[in-house]
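J.: With the sequence up front, the predicted model follows.
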Amino acid sequence: MAGPPMHAGGRAVSGVPNERCFSYRTTNDLRPKTGKCCFHHTTNFGGSGTSHRPSEVRIEGERGAMARTKPYKWIAREIEKLDPKTDYETIWKLSSIYYINDFLADYIYAITFPNFIVPQRGAQAVLREGTGKVYTDPNRRMDDTTRHMLVWWENGPSDIKTQRSVQSLNNLHKYYARKYPGNFGYNEDYIYTLCYEAALMHRLRLKLGMNGISEKQQQAAWEFWSRMAKLFVNADSGAELHGFPEDFAGINAFMDEYEGKNWPDNPLGADVTERMLGPFAERYFPRLLHPLARTLVLAMYNDTVLRVHNMPRPRPITRKLVRLGVRFGLTLSEKVLPDPQESLPEIHRRRKAVARSLDHQAAVSPLGGGGQCPHPAGQAVVSEPIEVVEARKANATG
């Protein structure tokens with residue numbers, strides 16, 4: 001799981017210069033990536049690197065075409081009207097899915113996931129001797145995680161769509177718990193992950209020298225994630241999770257205690273982490289700038305992650321410069337740029353509708369080839385997310 005970019009009031013920096021173009025991927029995801037199709041050769045992040053997603057179709061006309069219908073700064077005003085004890089789902093929604101784009105979602109995934117595999121038991125269950133999705137298809141692993149998170153953030157723990165999403169993960173954990181006995185049985189690992197989701201942006205902002213999220217957002221975060229915790233189960237025992245902190249301060253205290261343990265070196269963690277750094281670099285940076293992409297991620301890791309996974313520690317000046325850059329971006333988005341009018345899930349749905357319309361037009365066109373792009377890279381087969389197939393196996397085997 002990866003946490004949301006919850007800001008104290010503002011907008012996430014885009015981070016993707018080519019937002020006016022986006023790609024339709026015929027597998028499972030719709031994101032503003034560039035790539036090859038119809039003999040167009042485009043680049044990522046202003047460089048020469050190409051997308052590594054073979055099923056992308058380039059569609060023109062992304063952001064910027066819509067007439068503005070909401071105030072320049074509207075999200076913080078809406079949050080101020082709400083009660084965090086009753087409107088926590090709406091507050092979380094406003095604080096997260098409007099403040100994120102695909103670049104930021106992937107960046108958050110890259111800087112977040114290694115925290116969850118500090119214990120070797122977690123890395124073993126994810127890597128699976130080289131057969132895990134994070135190893136065999138790391139791009140898809142990243143996209144599938146983001147897809148789950150967006151469902152939760154948009155709909156909240158009370159919605160059936162969120163509940164079904166979590167149930168599919170419970171089934172998936174149960175399936176692999178039988179293959180790795182004991183690895184999924186630690187209640188503290190589940191609680192830490194949920195606490196991390198709740199407090200990610202608060203702690204990140206403090207790390208950058210900024211103010212944390214507002215007290216109202218803190219209360220809403222606790223209300224939201226304490227209820228999310230009730231949807232998960234211990235995959236080993238099948239029991240409900242227990243011990244979720246009593247308030248937002250307790251969330252931070254729990255995280256400090258968990259991260260402060262004397263965790264032994266994890267020989268598997270570095271391998272898993274490398275499988276996360278690679279896709280992020282390949283998606284947004286040309287090959288020559290892959291070291292820069294790695295530095296942008298490594299500079300955000302805490303000392304525990306770097307030590308346990310035996311990862312190279314950026315020089316102090318490098319870490320400071322990266323964090324100053326992130327802080328500048330957040331400040332710019334909060335103080336200068338307009339709040340977005342569409343959430344990321346809404347943008348994804350709009351892209352999907354446009355892509356389907358283009359498919360239909362191609363299918364009925366006398367020059368159409370059944371709606372498929374003539375470039376071989378655009379001729380991918382639609383398939384289900386891997387976790388759906390695995391969860392079905394788990395259900396079938398009890």
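T.: Structure received.
J.: With only the CA atoms kept, save stretch 235-255 in CSV.
T.: Taking C-alpha atoms only, stretch 235-255 is exported to CSV below (Å, rounded to 0.1, in the frame of the first residue of the first chain):
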residue,chain,number,x,y,z
ALA,A,235,-4.1,-14.0,7.2
ASP,A,236,-2.6,-16.7,9.4
SER,A,237,-5.3,-16.9,12.1
GLY,A,238,-8.2,-15.3,10.3
ALA,A,239,-8.7,-13.1,13.4
GLU,A,240,-9.6,-9.4,13.3
LEU,A,241,-6.7,-7.0,13.7
HIS,A,242,-6.2,-5.5,17.2
GLY,A,243,-4.3,-2.7,18.8
PHE,A,244,-4.9,0.1,16.3
PRO,A,245,-3.9,3.3,18.2
GLU,A,246,-6.6,5.3,20.0
ASP,A,247,-5.8,8.7,18.3
PHE,A,248,-3.6,10.3,15.7
ALA,A,249,-0.9,11.0,18.3
GLY,A,250,-1.0,7.2,19.1
ILE,A,251,-0.5,6.5,15.4
ASN,A,252,2.8,8.5,15.4
ALA,A,253,3.9,6.9,18.6
PHE,A,254,3.3,3.4,17.3
MET,A,255,5.2,4.2,14.1
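J.: residues making contact with stretch 291-298?
T.: 107, 110-111, 277, 280-281, 284-285, 306, 311-314, 318, 322 (Cβ atoms under 8 Å, 6 or more residues apart in numbering). Placement of C-beta: from N, CA and C, glycine included.
J.: what about 7 Å?
T.: 110-111, 277, 280-281, 284-285, 311-312, 314, 318, 322 (Cβ atoms under 7 Å, 6 or more residues apart in numbering).
J.: pLDDT averaged over that stretch, what's the number?
T.: Averaging pLDDT along stretch 291-298 gives 94.
J.: do the same with stretch 123-135
T.: Here the average pLDDT along stretch 123-135 is 85.
J.: Export it to PDB, keeping only CA atoms.
T.: Provided in PDB are the C-alpha atoms of stretch 123-135 (Å, rounded to 0.1, in the frame of the first residue of the first chain):
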ATOM      1  CA  ALA A 123      10.300  -9.200   1.900                       C
ATOM      2  CA  GLN A 124      10.300 -13.000   1.500                       C
ATOM      3  CA  ALA A 125       6.500 -13.000   1.000                       C
ATOM      4  CA  VAL A 126       6.700 -10.300  -1.600                       C
ATOM      5  CA  LEU A 127       9.800 -11.600  -3.500                       C
ATOM      6  CA  ARG A 128       8.800 -15.300  -3.400                       C
ATOM      7  CA  GLU A 129      12.100 -16.700  -4.500                       C
ATOM      8  CA  GLY A 130      12.000 -14.500  -7.700                       C
ATOM      9  CA  THR A 131       8.400 -15.500  -8.600                       C
ATOM     10  CA  GLY A 132       6.500 -12.600  -7.000                       C
ATOM     11  CA  LYS A 133       4.800  -9.900  -9.100                       C
ATOM     12  CA  VAL A 134       7.200  -7.300  -7.700                       C
ATOM     13  CA  TYR A 135      10.000  -9.300  -9.400                       C
END
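J.: on that earlier part again, of the contacts of stretch 291-298, closest to L94?
T.: Distance to L94, by Cβ to Cβ, is smallest for I111 among the contacts of stretch 291-298, at 23.0 Å.
J.: chain center to the helix or strand that contains the closest one, what's the gap?
T.: Element membership for I111, per DSSP states H and E: helix 102-112. Centroid separation between helix 102-112 and its chain, computed with Cα atoms, centre = their mean, to the nearest Å, is 5 Å.
J.: what's the following helix or strand after that helix?
T.: Heading C-terminal from helix 102-112 (DSSP H and E), you reach helix 120-127.
J.: Weed out the non-buried ones from the contacts of stretch 291-298.
T.: With neighbours counted by 16 or more other Cβ atoms under 10 Å, the contacts of stretch 291-298 contain buried members at 110-111, 277, 280-281, 284-285, 311, 314, 322.
J.: So which of the residues you listed belong to helices?
T.: 110-111, 277, 280-281, 284, 322 (DSSP state H).
J.: Just give me the closest of these to K174.
T.: The closest of these, once distances to K174 are taken by Cβ to Cβ, is A110, at 27.4 Å.
J.: Could you verify that Y196 is part of a helix?
T.: Yes - counting by DSSP: H, G, I helix; E, B strand; the rest coil, Y196 is part of a helix.
J.: By pLDDT, rank the contacts of stretch 291-298 and give me the bottom one.
T.: L277 (87).
J.: residues touching it, list them.
T.: 110, 294, 297.
J.: Make sure I have this right: the second one is in a strand.
T.: No - under three-state DSSP, R294 falls outside any strand and is assigned helix.
J.: Look at S237 and give its secondary structure.
T.: From three-state DSSP, the assignment for S237 is coil.
J.: Need the nearest residue in space to it, chain neighbours excluded.
T.: G185 (6.6 Å; Cβ to Cβ, 6 or more residues apart in numbering).
J.: residue ranges with poor pLDDT in the protein?
T.: 1-66, 359-360, 363-398 (pLDDT under 70).
J.: how about the helix or strand where R164 lies: buried residues?
T.: Using DSSP H and E, R164 sits in helix 160-179. By neighbour count on 16+ other Cβ under 10 Å, the buried set for helix 160-179 is 162, 165-177.
J.: cool, stretch 79-95 as well?
T.: Quick answer for stretch 79-95 (16+ other Cβ under 10 Å): 79, 82, 84, 87-95.
J.: next one: stretch 282-293
T.: 282-286, 289-290, 293.
J.: Perfect, that will be all.
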